[in-house]
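**Q** here is my input; please provide its structure:
(chains A and B)
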There are 2 protein chains.
Amino acid sequence: MVFTDIATRTYNHNWRLDPIVRSLLDTDFYKLLMLQMVRHLHPEVHATFKVINRTASVRLADVIDEAELRAQLDHARSLRFGKKELIWLAGNSFYGRTQMFSPDFIAWLADFRLPDYDLRKIDGQYELLFHGPWTHTMMWEIPALAIINELRSRAAMKGRARFELDVLYARAKAKLWDKVERLAQLPDLVISDFGTRRRHGFLWQRWCVEALKEGLGRRFIGSSNVLLAMDADLEAIGTNAHELPMVMAALAQDDTDLASAPYRVLEEWQGHYGGNLRIALPDAFGTAAFLKDAPDWVADWTGFRPDSAPPIEAGEQIIAWWQARGRDPRSKLLIFSDGMDVDSIEATYRHFHGRVRLSFGWGTNLTNDFRGCAPFDTDGLDPISLVCKVIEANGRPAVKLSDNPAKATGDPTEIERYLRVFGTSGRKATPVSV
Amino acid sequence: MVFTDIATRTYNHNWRLDPIVRSLLDTDFYKLLMLQMVRHLHPEVHATFKVINRTASVRLADVIDEAELRAQLDHARSLRFGKKELIWLAGNSFYGRTQMFSPDFIAWLADFRLPDYDLRKIDGQYELLFHGPWTHTMMWEIPALAIINELRSRAAMKGRARFELDVLYARAKAKLWDKVERLAQLPDLVISDFGTRRRHGFLWQRWCVEALKEGLGRRFIGSSNVLLAMDADLEAIGTNAHELPMVMAALAQDDTDLASAPYRVLEEWQGHYGGNLRIALPDAFGTAAFLKDAPDWVADWTGFRPDSAPPIEAGEQIIAWWQARGRDPRSKLLIFSDGMDVDSIEATYRHFHGRVRLSFGWGTNLTNDFRGCAPFDTDGLDPISLVCKVIEANGRPAVKLSDNPAKATGDPTEIERYLRVFGTSGRKATPVSV
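**A** All right, here's what the predicted structure looks like:
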């Protein structure tokens, strides 16, 4: 006899919305660290964030229903930090430090809600903008990306038979576990989940995190996703992002001010955070320029997170820089997080093992690798390169150069000016797949 | 919020037994066809069946708890054919024929129960025997094998974490679906599930059957499992087995009588069943001997099921025999069912395609192929070669020679006598893996 739980079944068939973002903690940890600092030092700055689909061949507006997208964005706007969540943020230790977030900041979070959004369709794509105080618009990045990516996955699976979905997920699980077994061969691996923004779906990210926990044990150090970190008693992982130097650069008064903007960001950061949180992101306007002009104290930071140059080249460049400044790379940390997958993790690990401390942030290829898994014909489950970037601050255009011109964003005239200020040394175009 | 169905949870944590065989229809269809005939023609014959583990390296008594085995066997003995089941057997058409089972037989089934069993441990193995009327002991073959195989799977998975089991089944599903996708490349494939006796478990067999239905469509013609056929509205598939010639040979009065026993079986069979059920199993005492001495009318039967010789050799031998007797092989049917898997199905299909009608019975490698799937260290999920054979009839020893001496069963002195009567032509030892 099959017993059916009628109430559950009725509920399942009648819900208004299957929410994608169910908590404001369902975001990346670095957002909270940056937010605390931005609120402290730059509460008056206005910043606009924009979703950019770098995979132009995928016409998102043809795939995702606008009403569904609005319903999900509206649902995210209805969220508040829960009491339990704020207590956890206040009481938990992060990176070995208690009271990472000040009582004043926690109290402010209690009233936080995501600001309004500005959505329209243009030529088969969605133009999605967030205008308002930087302290609020910055918090849209992760939920907006997670919503669009999951709506796209759902669209690709819509109408598929239960059995097809069963095979799809069986294959995806088998595929991920094969990756985990390969990574388990690397004894000193240090790896974390960075896959929130690009995930296939929330439940799937949760499964992936569980897989890493089961298969890698202590080598898996945690998740950038604050909600999953809380729920699974994992470390929340993350430091800072490009938006800090981008806004600082946008606000610069002149070219001299612009040239020193990346270092001002670090000064502000070290006024708030220490230890393993002192990880510099060197590539916002080109790693070569950043290293060339960096004050000596930057070499005292714990490490770097190269995020757009090929990992081995980027690591060698930074190690040479540390050595030239008399620092021992073996006490330093390199975090690799740009489109990593098992092959590149293995190669990078083997290349640097023993020469420098290494850590990997595994994103899209962890939480959204369904390539070859569908038992039906679709490319709607292949990941796309979707980002949400700050495009202006206080009315001034924001720019990112990156080590890879394919990842540059901003107004072309401004990009020209930045290239004059920072130079073009070391920039190399590489196709961006995820 | 997670809602827990408390009643279901409490029930799940307290059941006395998770039964392996839940219905007397959870058996192979040919058993019912044979039973109807045996009851009609040989109701007085007593026959003993015995479980034989040909994979001696697996010490079943060390793996399977005796109390659990007895509980499962006792549960199977408690079963009766349900009213709905008997109505279906009476009302359904099989192989295109209505009323395959006589009202008299159906009425007799209503009182049927499995007879007692005789179980002891000997040197790390179970000795499991079924004594009694052939009409009853023959019905133990499939449930006894399914019970032992599933108890062995359960033992290998006992105490494993939920996540490990999740990966295990994900990989097994992915593995099977890859096989299905390969088979789907064969446009004229005709295949059925023959995997009941060797299955990993009942629920897994059901998934496999669903996979074939989904992936192969009309090329999947049905299941030998009567219960699954009823539940999923599939054709029940099967004809007859070695026990018929084995018992008939055991009962033979002298060597002359023995030599003609295989053909007497066919005479009896064609008195009961026609059309696609007239499939001869030629290898009980060697295919070469069977074909050499067969009366001409045997060539009028629909086809053969070679079950121990290598498929291509066996098929060629039978095709040549049909041609020598002036029959057109293109109107004839060959059914291959001996340890088939995708490689051998593809090779056999390609070899014979267009020359003869082909059908495949896919058993162990369909319903119990977990090789390489466990994310933990075990060989307890690799299939073993377990059979349940008739060993005596009316006190006289029963023998099977087979085309493969590794599959021969019976008393060595009797085997010698049978080899003198039937000859050794064409016998070739091949390792038996499943």
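
**Q** count of residues packed around the closest residue to chain B within the stretch 251-400 of chain A?
**A** Residue of the stretch 251-400 of chain A nearest chain B, by CB to the nearest CB: residue A:375 (6.2 Å). For the C-beta atoms, the positions are set from N, CA and C on the backbone; glycine is no exception. The number of residues packed near residue A:375 is 23, by other CB atoms under 10 Å in any protein chain shown.

**Q** any idea how far residue B:342 is from it?
**A** Distance of residue A:375 to residue B:342, given as CB to CB, to the nearest Å: 16 Å.

**Q** now residue A:329
**A** 51 Å.

**Q** who are the packing partners of the helix or strand where residue A:366 lies?
**A** Here residue A:366 sits within helix A:364-367, counting by DSSP states H and E. Taking 3 or more CB pairs under 8 Å, 6 or more residues apart in numbering or on different chains; DSSP states H and E as contact, the helices and strands that helix A:364-367 lies on are helix A:202-216.

**Q** using CSV, list the CA coordinates for the following helix or strand past the helix it packs on.
**A** Under the assignment DSSP H and E, the closest C-terminal helix or strand after helix A:202-216 is strand A:220-223. The C-alpha trace of strand A:220-223 is given here as CSV (Å, rounded to 0.1, in the frame of the first residue of the first chain):
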residue,chain,number,x,y,z
PHE,A,220,37.0,21.4,2.7
ILE,A,221,37.2,24.5,4.8
GLY,A,222,33.8,26.0,4.3
SER,A,223,31.3,27.8,2.0
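
**Q** same for the very next helix or strand once past strand A:220-223, what does it pack against?
**A** Once the chain leaves strand A:220-223, the next helix or strand it forms, by DSSP H and E, is helix A:226-231. Using 3+ CB pairs under 8 Å, 6+ apart as the contact test, the elements touching helix A:226-231 are helix A:29-41, helix A:202-216, strand A:235-236.

**Q** for those, which one sits closest to residue B:184?
**A** helix A:202-216 (26.9 Å; CB to CB).

**Q** now that closest one: mean pLDDT?
**A** On average, the pLDDT along helix A:202-216 is 96.

**Q** pLDDT below threshold where in the stretch 1-150 of chain A?
**A** Residue ranges of the stretch 1-150 of chain A with pLDDT under 70: A:1-3.

**Q** one step back: who's in contact with the helix holding residue A:366?
**A** A:176, A:193-196, A:198-200, A:204-205, A:208, A:212, A:339-342, A:383, A:434 (CB atoms under 8 Å, 6 or more residues apart in numbering or on different chains).

**Q** show me what from the stretch 201-350 of chain A comes close to chain B.
**A** A:210, A:211, A:214, A:215 (CB under 8 Å from any CB of the partner chain).

**Q** again, 10 Å this time
**A** Within reach of chain B by CB under 10 Å from any CB of the partner chain, the stretch 201-350 of chain A has these residues: A:207, A:210, A:211, A:213, A:214, A:215.

**Q** ok, and the closest non-adjacent residue to the second one?
**A** For residue A:210, the nearest residue in space outside its immediate sequence neighbours is residue B:163; the separation is 6.1 Å by CB to CB, 6 or more residues apart in numbering or on different chains.

**Q** dump the helices and strands packed on helix A:226-231 into JSON lines; add mean neighbour count as well.
**A** Output for those, formatted as JSON lines (neighbours: other CB atoms under 10 Å in any protein chain shown):
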{"stretch": "helix A:29-41", "mean neighbour count": "20"}
{"stretch": "helix A:202-216", "mean neighbour count": "20"}
{"stretch": "strand A:235-236", "mean neighbour count": "21"}
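
**Q** residue A:298: which of these is closest?
**A** Closest among the helices and strands packed on helix A:226-231, once you apply CB to CB, is helix A:29-41, at 17.7 Å.

**Q** and the next helix or strand past the closest one?
**A** Helix A:29-41 is succeeded, C-terminally, by strand A:47-53 (DSSP H and E).

**Q** show me which residues of the helix or strand just after that next one are buried.
**A** As assigned by DSSP H and E, the chain's next helix or strand after strand A:47-53 is helix A:60-63. Buried residues in helix A:60-63, counted by 16 or more other CB atoms under 10 Å in any protein chain shown: A:60, A:61.

**Q** so how far is the very next helix or strand once past helix A:60-63 off the chain centroid?
**A** Going down the chain from helix A:60-63, the next helix or strand is helix A:66-77, by DSSP H and E. Taking CA atoms, centre = their mean, to the nearest Å, one finds the center of helix A:66-77 at 21 Å from the center of the full chain.

**Q** one more: stretch A:286-305?
**A** 22 Å.

**Q** determine the number of other residues adjacent to residue A:297.
**A** Neighbours of residue A:297 (other CB under 10 Å): 11.

**Q** do the one 3 residues further on as well
**A** Here the neighbour count serves as a burial measure; for residue A:300 (other CB under 10 Å) it reads 12.

**Q** again, but for the one 5 residues further on
**A** Neighbouring residues of residue A:305 were enumerated by other CB under 10 Å; the total is 22.

**Q** ok, it touching residue A:332?
**A** No - when contacts are counted by CB atoms under 10 Å, residue A:305 is not listed as touching residue A:332 (12.0 Å).

**Q** hmm, who's touching stretch A:35-43?
**A** With contacts defined as CB atoms under 10 Å, 6 or more residues apart in numbering or on different chains, stretch A:35-43 is touched by A:27, A:31, A:45, A:47, A:100-102, A:104-106, A:108-109, A:112, A:133-136, A:138-139, A:240, A:243-244, A:247-248, A:251, A:265, A:268-269, A:271-273, A:393-394.

**Q** just these: which are in helices?
**A** Secondary structure from DSSP state H places A:31, A:104-106, A:108-109, A:134-136, A:243-244, A:247-248, A:265, A:268-269, A:271-272 of the contacts of stretch A:35-43 in helices.

**Q** can you list the buried residues in the longest helix seen in chain A?
**A** Taking DSSP H as the criterion, chain A has its longest helix at helix A:162-183. Within helix A:162-183, the residues that count as buried by 16+ other CB under 10 Å are A:163-164, A:166-177, A:179-180, A:183.

**Q** enumerate the residues of the stretch 1-150 of chain A near chain B.
**A** Residues of the stretch 1-150 of chain A found near chain B (CB under 10 Å from any CB) are A:3, A:5, A:7, A:8, A:11.

**Q** contacts only, for residue A:319.
**A** Contacts for residue A:319 were tallied using CB under 10 Å, 6+ apart; they are A:304, A:327, A:329, A:330, A:332, A:334, A:352, A:355, A:356.

**Q** wait, which of the helices and strands packed on helix A:226-231 is closest to residue B:79?
**A** Per CB to CB, nearest to residue B:79 of those: helix A:202-216, 38.7 Å.
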